[in-house]
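J.: Here is a sequence together with a model predicted from it:
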Amino acid sequence: MADRFNSTDSMRDAVFFDGPASAARYSRFWMLLVLASIIASAGIVGDSTATVIGAMIVAPLMTPILGTMLATVLGDRANLIRSLSLVLGGAAAAVLIGFAVGLPVQTEVLASTNAQVAARVSPRLIDLLAALATGVVGSVALVRRDISDTLPGVAIAISLVPPLTVAGLVLESGSADQFLGAILLFVTNVVAILGTGIVVMSVYGVSRLARHRVPGDTSTPSLLRPVAVLAVMLLVIGVPLTLTSVEVTARSNLEGAVQTVGAEWASSVGWSVTNVSSRGTEVILQVQGSPPVPDTGGLERSLAAAGINPDRVTVDLSPATIVKLSRTP
């Protein structure tokens with residue numbers, strides 16, 4: 001049974017940047033981080049999900065995050081500072097690379113024009129739930145060698161480098177709000193890994209195994225402190241995530257209501273709704289049809305009757321010549 005578990009020495013070798021091989025580990029970390037950031041930035045600009053997934057696999061940030069967690073459990077101050085510095089330095093480097101990649105891009109890389117960005121600038125509570133589960137898997141994989149092969153899957157499931165490069169790209173495009181949203185997603189994932197990791201390590205008694213024990217000591221590790229740490233972390237990160245969740249839900253409901261009212265009005269004038277999107281507090285209703293351009297007075301009255309402030313809705317009318325082809329006898 002014990003063969004399934006890694007020793008504390010094995011875990012230290014897996015995530016700490018110390019010892020005789022530290023120089024090689026540092027060079028590998030920074031090389032992979034730079035490459036992963038470039039790949040992620042290119043994938044986001046090109047709106048390519050496959051490329052972004054490739055960057056997740058290459059990204060090495062999971063290692064110092066797990067190192068921060070293990071050092072916290074073991075009380076290893078030197079490795080805690082070392083690992084935490086790598087997390088912060090790596091995060092800053094990824095943001096800068098994203099910013100640099102965005103400089104030559106002619107079009108703005110924002111949520112309104114890019115699905116990869118839109119998926120990473122409005123984190124919600126459901127993202128925290130997924131991050132917590134992923135953090136548990138990553139921590140257990142560090143402890144148990146029989147499931148350590150799942151770490152590549154964890155790298156894909158947890159979003160670390162992509163939101164950082166998104167933060168750089170949207171900052172270069174001039175959106176401070178989306179920059180903060182992407183950073184919030186990254187922080188959420190890091191907090192989830194650290195918090196759940198501390199609890200998992202305590203469950204497996206890693207800190208107890210690391211210290212010298214008196215013969216006959218069969219005491220079990222106390223979970224009070226790690227659970228308290230996790231609770232504080234969840235509280236700190238849960239507040240902004242709750243606010244974002246409420247905002248996203250409200251925006252989605254508003255877009256749906258505008259879509260319904262707009263479709264009824266457009267149908268009555270012989271036009272059709274092609275898209276509904278948001279820009280800040282404004283909802284953009286895109287409508288297309290044959291000339292002449294219809295009067296929007298009826299739409300304003302319908303919106304007001306539905307409890308929607310017409311001042312928050314902008315109608316994009318696109319006259320188009322529509323020709324229906326018919327088969328000639």
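T.: Alright, I've got the coordinates. Residues are numbered from 1 along each chain as shown.
J.: Contacts only, for the nearest residue to residue 98 once chain neighbours are set aside.
T.: Nearest non-adjacent residue to residue 98, counting by C-beta to C-beta, 6 or more residues apart in numbering: residue 168, 2.5 Å away. C-beta: built from backbone N, CA, C; applies to glycine. Listed by C-beta atoms under 8 Å, 6 or more residues apart in numbering, the contact set of residue 168 reads 41, 94-102.
J.: Restricting the selection to alpha carbons, write the host helix or strand of residue 142 to CSV.
T.: According to DSSP states H and E, residue 142 maps onto helix 125-143. Output of helix 125-143 as CSV, limited to C-alpha atoms (Å, rounded to 0.1, in the frame of the first residue of the first chain):
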residue,chain,number,x,y,z
LEU,A,125,-18.2,31.1,-9.1
ILE,A,126,-18.5,28.0,-11.3
ASP,A,127,-14.9,28.7,-12.3
LEU,A,128,-13.9,28.5,-8.7
LEU,A,129,-15.7,25.2,-8.3
ALA,A,130,-13.8,23.8,-11.3
ALA,A,131,-10.5,25.2,-10.0
LEU,A,132,-11.0,23.6,-6.5
ALA,A,133,-11.7,20.2,-8.0
THR,A,134,-8.6,20.5,-10.3
GLY,A,135,-6.5,21.6,-7.4
VAL,A,136,-7.4,18.5,-5.5
VAL,A,137,-6.5,16.3,-8.4
GLY,A,138,-3.1,18.1,-8.8
SER,A,139,-2.3,17.8,-5.1
VAL,A,140,-3.3,14.1,-4.9
ALA,A,141,-1.3,13.4,-8.0
LEU,A,142,1.8,14.9,-6.3
VAL,A,143,1.3,12.6,-3.3
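J.: helices or strands next to that helix in the packing?
T.: helix 8-15, helix 62-74, helix 151-157, helix 176-203, helix 224-268 (3 or more C-beta pairs under 8 Å, 6 or more residues apart in numbering; DSSP states H and E).
J.: redo that, cut-off 6 Å
T.: Contact here means 3 or more C-beta pairs under 6 Å, 6 or more residues apart in numbering; DSSP states H and E; on that basis helix 125-143 packs against helix 151-157, helix 176-203, helix 224-268.
J.: what about it, distance to the chain center?
T.: Mean-position distance between helix 125-143 and its chain equals 13 Å (C-alpha atoms, centre = their mean, to the nearest Å).
J.: Give the buried residues for it.
T.: 127-128, 130-132, 134-143 (16 or more other C-beta atoms under 10 Å).
J.: tell me the two of the contacts of residue 168 that are most distant?
T.: 94 and 102 (12.8 Å; C-beta to C-beta).
J.: before we move on, back to that, report the mean per-residue pLDDT for the helix holding residue 142.
T.: Per-region confidence: helix 125-143 scores 84 on mean pLDDT.
J.: hey, which of the helices and strands packed on helix 125-143 is tucked in deepest?
T.: Highest mean neighbour count among the helices and strands packed on helix 125-143 (mean count of other C-beta atoms under 10 Å): helix 176-203, with a mean of 22.
J.: quick one: that one to chain centroid distance?
T.: Counting by C-alpha atoms, centre = their mean, helix 176-203 comes out at 9 Å from the chain centroid.
J.: helices or strands next to that helix in the packing?
T.: Helices and strands touching helix 176-203, as assessed by 3+ C-beta pairs under 6 Å, 6+ apart, comprise helix 62-74, helix 125-143, helix 161-172, helix 224-268.
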